[in-house]
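Q: 3D model of this:
(chains A and B)
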Amino acid sequence: MFRRSKGAWLAVLLTVAGTTACRDDMHNQPRYKPFASTDFFGDGRSERPTIPDTVARGQLHLDEARYTGKINGKDVEYLPIQITREDLQRGQERFNIYCSPCHGRLGNGHGMVVARGLRQPPNYTDKRLMDAPIGHFFDVMTNGYGAMYSYASRVSNDDRWRIAAYIRTLQLSQNAPPDLTQQTQNKTQGGGTAGGMK
Amino acid sequence: MAQLFRPSSNTLAKVSIAAVVLLAGSTLAVGYIMDRGPWITGVRIAPEQPIYFSHKHHVKDDGIDCRYCHTGVETSHYAGLPPTETCMTCHSQIWNSATVTQPIRDSWASGKSIAWTRVHDLPDFVYFNHSIHINKGIGCSTCHGQVNDMPWVYKVNTLNMNWCVNCHRDPAKFIRPKSEVFNIDYQYPANQAQLGPQLVKEYHVQSLTDCATCHR
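A: Below you'll find the model as predicted:
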């Protein structure tokens, strides 16, 4: 029968004791988690900002209307992406997340944060905004306007168009003209038609 | 020859047997309780943060959606922390001279990041992805609890492996309709026993309990 020596037992004990003490080495390995700080770079960030004018693969945005909302510096009057009913619903969802804190769920400018003291945004049914080209809304979301900051880093490009389409829906929902169907199609048409109202 | 042991030795022997058993048992118990308790797991302990930021105020009182700040949660493994720009969206105007928001303005002016303390820190040998859970009907509050009731955020679950596996073995108990994922006050309905398996089937949720699912 195999007999372990006292030395072997001691080795086993030491190994067990040794491994329990090393717990953190595996838990916190020498790599950076998202947003972890570092001493290596002067600004303390392990995540490096992109170098200006970097174009990542698949992000060459040549479609001026779609990515700037403007043609020759003028806000576009049409939706440069196709908007289906699902897109409108996505627009509604995004609007409720990112816009409603200030603009309110109806777009009337009575959001919760306004009640806390933020400058009140205009009602979407103001004549100026009813008449504004749809590219204007995209431009405001992308570049900010007045007290409003840019949402370009928070809402994706095409989601901004979906929100713009939903803003049109909100405008119409409170200003339904008699010939609603025709006007809806004229205002929201961009390759596809806006689905039904919600 | 005199007796080696006095009569009291009988009692002493019995007591010491009991004492050894009790001591061994309680050592194990104390070890177990410490390992599962807040001292090791950090559950219900809110670490100090550089700013007195209240989720309770922003989520419950103001009704701001989780995704307003944690923009990556639907598309990325990491939910994301808001950049200072997101704070400044409102706080350039409201509470814009308060002491409590001073670190935000300092960060905005200097371009230096705000150094938050990570509350949910998984071991580095665990792979975790937020987006797949969000997109398959696992709600924020299932893991993070009632963040809308936390002035300072703490974790409510250990994030230990047995806690993860508990759900991975039987997701039907914890799944909810996709439309309710971001509803922080969601209550499981009385018919979860029927609804759960139905949603698991509808969303094609797999019960992944392979080691390599998380340890890759």
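
Q: Contacts only, for the residue lying closest to A:Asp43 once chain neighbours are set aside.
A: Spatially, and ignoring its direct neighbours in sequence, A:Asp43 is nearest to B:Lys112 (7.0 Å; Cβ to Cβ, 6 or more residues apart in numbering or on different chains). Bear in mind the C-beta positions are built from the backbone N, C-alpha and C, glycine included. Each residue near B:Lys112 by Cβ atoms under 8 Å, 6 or more residues apart in numbering or on different chains is listed here: A:Asp43, A:Gly44, B:Asp106.

Q: Against chain A, how distant is the last one?
A: Taken as Cβ to the nearest Cβ, to the nearest Å, the spacing of B:Asp106 relative to chain A amounts to 14 Å.

Q: Count the residues that sit near that residue.
A: Using other Cβ atoms under 10 Å in any protein chain shown, B:Asp106 is surrounded by 12 other residues.

Q: What parts of chain A come near chain B?
A: Residues of chain A found near chain B (Cβ under 8 Å from any Cβ of the partner chain) are A:26-29, A:31, A:33-35, A:37, A:43-45, A:96-98, A:101, A:112-113, A:116-119, A:147-150, A:153-154.

Q: Compute the distance between B:Asp121 and A:Ala36, please.
A: Note on B:Asp121: its distance to A:Ala36, by Cβ to Cβ, to the nearest Å, is 10 Å.

Q: meant to ask about B:Gly196, not that
A: Per Cβ to Cβ, B:Gly196 is found 37 Å from A:Ala36.

Q: Compare the two and say which is more crowded by neighbours.
A: B:Gly196 (21 against 12).

Q: ok, the more buried one - contacts?
A: B:Pro171, B:Ala172, B:Lys173, B:Phe174, B:Ile175.

Q: how close does A:Arg90 get to A:Val140?
A: Counting by Cβ to Cβ - A:Arg90 and A:Val140 are separated by 19 Å.

Q: Those two: which has the busier surroundings?
A: Between A:Arg90 and A:Val140, counted using other Cβ under 10 Å, A:Val140 has the larger neighbour count: 22 against 18.

Q: Which strand or helix spans the more buried one?
A: helix A:134-143 (DSSP states H and E).

Q: now for that helix, which elements pack on it?
A: Applying 3 or more Cβ pairs under 8 Å, 6 or more residues apart in numbering or on different chains; DSSP states H and E, we find helix A:134-143 packed against helix A:64-68, strand A:74-75, helix A:157-173.

Q: List the pairing partners of the second one within its sheet, with orientation.
A: Here strand A:74-75 has these sheet partners by DSSP bridges: strand A:70-71 (antiparallel).

Q: Which residues does the strand it pairs with contact?
A: Taking Cβ under 8 Å, 6+ apart as the rule, strand A:70-71 contacts A:Glu64, A:Ala65, A:Val76, A:Gly135, A:Asp139.

Q: can you rerun that using 10 Å?
A: Contact with strand A:70-71 is made by A:Glu64, A:Ala65, A:Val76, A:Glu77, A:Tyr78, A:Pro80, A:Pro133, A:Gly135, A:His136, A:Phe138, A:Asp139, A:Thr142, as judged by Cβ atoms under 10 Å, 6 or more residues apart in numbering or on different chains.
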